[in-house]
Each structure stands twice: as C-alpha cells, then as structure tokens.
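> my questions are about this predicted structure, shown below with the sequence.
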Amino acid sequence: MLLTLAGPAAQALEAVPRWLVLHPHWVWLTVALPLAGFLINGKLAIAASGPVPLLPPKLAQRITEMVRRYQHGIVTVVGTGVLLAAFVVSLMLFLGFQFLDTQSAYVLRLWSWIPVGRFQVDMALQVDQLSLVMLLVVTGVGSLIHLFSVGYMREDPGYARYFAYLNLFIAFMLVLVLGSSFLVMFIGWEGVGLCSYLLIGFWFEDKANSDAGKKAFLVNRIGDVGFMIAMFMIWTTVGSLDFSTVLRELPAAVPVGGALITAITMFLFLGATGKSAQIPLYVWLPDAMAGPTPVSALIHAATMVTAGVYLVARTGVLFAMAPISSTIVAGVGVVTALFAASMALRQYDIKKVLAYSTISQLGYMFLGVGTGAFAAGIFHLITHAFFKALLFLGAGSVIHAMHHAYHEVHSSEDAQDMRNMGGLRKAMPWTTVLMWIAALAIAGMPLSGFFSKDEILAYAFGRGHDNPVFYLYYVLGIVTALMTAFYMARLMAMTFHGKSRTGADAEPYLHEAPWIMTGPLVVLGILTVFGGMINLPTWAGGHHWLQSWLLPITATAEMYLRPELPHGTTEYVLIGLALTAALVGLVAGYRLTVGQTIVPARDAPEERGFWKVLYHKYYVDELYDAVIVRPLILFSQRFLWKGVDTRVVDGVFVNGSAGISRFLGQIGSRFQTGQLGFYVLLFVLGALWILRAMVGGG
C-alpha cells in the first residue's frame, strides 16, 4: 500500500518514485524480516548438528550432509539479506512518514494481547519521528555489522547459530523502539537482554566467556526491576500503559515536581542505568568484550546500550515534570562519563578501552536528555553509532590480523593487547585512516561527534543560569572531553604508530582484512565525517534539521525545562574551549605515548601508584564481589541451602513426610496378622461403631 501525498510535501517529492514511499502500515516488516532470519538460520544450525528426526535414516543423513555443504552460503544470504531488506523498508517508511499531512504518531494494532478487565494491552507498533530515527540507526548500522561478520566469523563452527542470534537481537531491538506501550517495549527490553547473554557468551566453552554472559544478564535484571515498578505505578495512576495515553494523562494527574512523578522517573532511570551501563550498573559492559567483536560493535553502537537513553527521551515529558530526577539523570551521566574515561586511560586491551569509552559517551547522552536537550542527546546517540561502530569494527580488523599472526608465532591470548601491536599502519593503511577518522570524531574534532557533543555541553552551560549545578556538569564534561582525546590518541599511537612489537616472525602474517570487512568500515567512515550534517548548528551554516524533526516528540517536555543554547560571544567561547580540550588531549596523548618505551605485554612491568588503581578499574568489581556477591553466595549456601533446603524442605517436608508415611505403614502392618478370626473381630467392631454412630445421630 503506497502513501498518497498531498500539499506542499507532494511538490517536494515530485521527483521521487512512488514505489519508494511506503505507508507506516508496513512497519511490521522491519520486525518480521530479522525474525524470519532467526528462524531460518536457527533451523539450519539445528539441522547441521545431526540427522533430522522423524525421517528414514538414509534420507535424514542426506539432508544433513546437504545442509552442511550449503549452510555457509545460505546463512550468509539470509542473515545479511533480511537486515538489508529491513533497512530498505525503514528508508521507505521514513520517506512516507516525513511527508504525511499529519505528523502525529501512527499506531499499527496487530492484535489484542492482554484483555483483562481494565488492563487492556494491544500488541501494537508506533511509528513517529523518534522511532523512525532509531529504526534507521538500528537497521542501517546493524546491516553493516552483519556484513562485517561474514568475514570475521567465516571460519567459526557456530556460524549459523551466530547469525541466528544476531538476527534475533535486531528483531527484539526493533520491538523495543517500535513498541506503542511500556509493556510491548518491555518485550524488546527483555529480548535484547536475552540475546546479549547468548552473544556475549557465544564461545561458552570458555568459562570466562560464559561468566561474562551471566554477569550481563544478572546486572540488567536489577535495572529491569526498576522498570517494572515504574510500570506498576504508572498503570495504578492512569490505568494504561500506552505511551500516547500515559504521556497525555499522567501530566494532568500528578503535580509537577511531586513525590509520585519523581518516584516513577527514578525507577525508570534505574532501568535505564542497567541497559545503558551507568553508575552503579555499568560493570557488565566491559566484560561484554568476551563475545565476538562484531557483537561488541552491535551492543555498543546501535542496539542494547542505547535503550536507556531512548527510554528517557521517549518519556521526556515525565522527566521534565520531575526536575530533581532530570538533575540526577544529568549528574549521573556526567559523573559516569568522567569515571569511565579515567579508567580508559590505563587499559591495554583495545576492546576494553573502547568499552569504557562507550560508557563515557553514554554518560554524555544522559547529560543531554537530563538537561532537557532531548534532540541533542539523540543526535549524539546517532553520531556515536557511526564512530563507535567504526572503532569497534576497526579494532575487529586489527584483532583479526593479530590473531592470525599470533596463531602462527605466539599465543593468540595476546592478540588484543595494544602493547603487542605498534607500527600496524604499514600493514593496515585503510584501517589506520578510518580508525583515525573515528578517533578524531570521538575526541571532539570538527566531525560528527564534535557537533553532537558540543551541543550537549552548550545546553548544559545554558541550564546553569537556572541551576548552577549545571555549570559544574559543564566543567566535568569538558574535562571528560580532554581525557577522551587523550586515551584515543594513546590507543591509536600504541596500535598503529611507533615501532612494531609484534615480532619479526609475526609481521609477514599481518595484512588488511578482506573487503567484506573493510567495505563497512569505509561506509561508516563516510557517515562519521558527514553524519553531523543532520543537525548542523546555525553558526556552521545548518538549520538543526534533527531538532526540528523531533519537535513533535520533544516540544511538550521542553515547555517545562526550556533548554536554550548560548548565543553570541558565549557560544564561540564554548566552541573554542571544546576544540582546545580536544587538541590538547590529542597532542598530549600521542606525544606521551610515542615518546615512551613500550614493551610487549609478557615483558611489561607491573603497574604502580594511581596507574595501578586505574588499571584495576578502581577495584569496583572486587568491591562488588566482597560486599554483594560473596555474602550472597554465603547466605545462599548456609541459610537457603543447608538451612532452608536441607533442613526444612528436605528434613521436614520430604524426609519428614516419608517418615510419617513409614510410621503409619508400620502401624498398619500390625493389623495384618493373617488370622481370619482377628479380621472378623475387627469387621464386627467397625460395624458396631458405625451403627452406634448412626443411631446416636438419629
């Protein structure tokens, strides 16, 4: 079904073929396509693992051999094809919605899901300005990561299983961003949590990998409790979980700044801290590096970790009505940004550096939405998806080359340690240039990342006129920007510049990745350079297109907070400070790294002083282990297991009931004498007792 255009919008689209414009009714295809990919690839993974049941043995064996022979090609076509098709559908939906006469949300009701009295929940998808932006990011960047995975996972025996999980991950993420109610969103919310567990622990034969998957799953469940409590409170207040109803009626039902709205938003934010890895629930994300590198790119750039930011932006009206909550959101965001950036300063695993940079950049996004600059927060979410996907996939190319080189010469365990790299620019020129583009973007040079991060910092400074604490947030944001530039320059210098530390025997095996892997890097590099144009500020010749596009979603929230960008001299001073922080950090990080003597990891001395604290991530994991994990295990073992389970459940109920049954059986056995006269006597006595009872009752 094609959308009929009318008015000025029709004139603007005269040159666009009608078949490129798709009605929002077809949004279900974006979810159905990756879900179909999961079902097909999952079936192939199962079929290749053994004979097909319920078939004659010879036929089952032939089918299994055929599947194994053509599995790789089928999985590749299906796994990547469904995502590319979903991206094309998303573009067509975007064109169709952009030129609708009405800009209100379009809700596609699929079926009635939970019709229980007043509790009515439809399985429905919502198409509006915000969900369309997320749709394009998830399917677009996700498609590039799927293509990269073809080369990266080519030799893995779990190739079909990998793509099945990856397709399912995307399907659940699309349910999350398209859900028309909190409960439908929660399906996707829990689904991406499940898929993160499956993908982080993909190589589950290694205990460290399976533990990392369990850690991500359990930590996210803590945040999910907050999300559920918020849903209970919302339904109790307005009797609905639909976004349109809640965002319309809840502001009229509760006072601005009251205890109820503050509690609801804080519980929602607890859920957001789990998914988007903010203090204190950030600890799962660095360990998520245990999965394949494309999985890290997908989780960190386009899907799971953006869910919390999306939730706050989607419910922006509620957060705007709770100024205490908004201030806390911004504060937790900027403190997390600074905290994570400091830990990245002294990490040597290339993926761990990028993991902490993700936590830090997510902190900037929460600073934006907490300040009330919801469009700026989403803007940084988009640009971050571009340059962080490029950084992770670039790191994947490096690891791919290092793994093959070290497999021939050294232990593959050291393939991710930057102390074992150096000088890779000669062997990997494409990856070097493209990763430098992403590094400059995240550092704050005038590429996509600069415009989005600078806008967040400017809005934070502007809010300082109403609430001076935002001046402190701005200062912390600038310091974080300086540290970000420093650790990214350090990463690039240790990896691609200086003397090679791979060893002369390994250098011949170092090479650029195949084009199925390098091609997506090139596309992401272009997006990283030009992605900022979607919301270019007026001083740079732009018109804040993204901000105008999201206005129907953010307008009501902005009425409460009224965020404003500084103008005139103040604006240019802030731009100058941001650029200065980026330049100082880049120069210092590069020169200090190249100027020092770096030795391979196996010969490196132990960290000392405060560097040791940063290297061990402030010992937060050890603190959690000592304060929470071990006492919980001890409580579970001594009280729940040995006390409740063994003594009460087993001792009283299981063994006790068995003992009572045995005792009664022993008593009953005394009456089994084998003497007929004794049985007749018992029969007569029983009959007399019954007769007496009947006569007495009469």
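Cool, got the structure. Keep in mind the model is a prediction, meaning the values are calculated, not measured. Residues are numbered from 1 along each chain as shown.
> and His544, its phi and psi?
Here is the backbone geometry of His544 (degrees, to the nearest 10): phi 50, psi 50.
> beta partners of Leu22?
In this entry, Leu22 is beta-bridged to Leu2, by DSSP bridges.
> which stretches of this protein form strands?
Taking DSSP state E as the criterion, the chain carries its strands at 106-116, 119-127.
> could you give the angle of the first one to strand 119-127?
Relative orientation of strand 106-116 versus strand 119-127 (axes from the mean of the first three to the mean of the last three CA atoms, to 10 degrees): 160 degrees.
> what is the neighbour count of the residue lying closest to Tyr282 once chain neighbours are set aside?
Closest residue to Tyr282 apart from its sequence neighbours, by CB to CB, 6 or more residues apart in numbering: Ile359 at 5.1 Å. All C-beta atoms are positioned from the backbone trio N, CA, C, and that covers glycine. By other CB atoms under 10 Å, 25 other residues sit near Ile359.
> circling back to that earlier point, can you say which of the strands of the chain is packed in most?
strand 119-127 (a mean of 19; mean count of other CB atoms under 10 Å).
> that strand: how far from the chain's middle?
Strand 119-127 sits 23 Å away from the centroid of its parent chain (CA atoms, centre = their mean, to the nearest Å).
> could we number from 691 for the rest of this?
Shifting the count to begin at 691 puts that one at strand 809-817.
> I'd like to know which elements it is packed against.
Judged by 3 or more CB pairs under 8 Å, 6 or more residues apart in numbering; DSSP states H and E, strand 809-817 is in contact with strand 796-806, helix 849-868, helix 872-890.
> from Asp1107, how far off is Ile1040?
Distance of Ile1040 to Asp1107, given as CB to CB, to the nearest Å: 8 Å.
> those two - which one has more neighbours?
Shown here are Ile1040 and Asp1107; by other CB under 10 Å, Ile1040 has more neighbours (26 against 20).
> residues in contact with the residue lying closest to Phe959 once chain neighbours are set aside?
The shortest distance from Phe959 to any non-neighbouring residue, by CB to CB, 6+ apart, is to Val1019 (5.7 Å). Residues in contact with Val1019, defined by CB atoms under 8 Å, 6 or more residues apart in numbering, are Phe959, Val1002, Phe1009, Phe1056, Val1059, Gly1060.
> wait, isn't the fifth one in contact with Arg1004?
Yep, that's Val1059 we're talking about. No. With contact defined as CB atoms under 8 Å, Val1059 does not reach Arg1004; the gap is 10.1 Å.
> so which of the two has more stuff around it?
A direct count of neighbours by other CB under 10 Å for Val1059 and Arg1004 places Val1059 higher, at 33 against 23.
> quick check: Ala735 touching Tyr855?
No. Contact criterion CB under 8 Å: Ala735 and Tyr855 do not qualify, at 9.5 Å.
> do you know how far the residue nearest in space to the middle of the chain is from Met863?
Computing the C-alpha centroid of the chain and ranking residues by CA atoms, centre = their mean puts Met994 first, at 1.6 Å. Per CB to CB, Met994 is found 7 Å from Met863.
> overlap in contacts of the two?
Common contacts of Met994 and Met863 (CB under 8 Å, 6+ apart): Val882.
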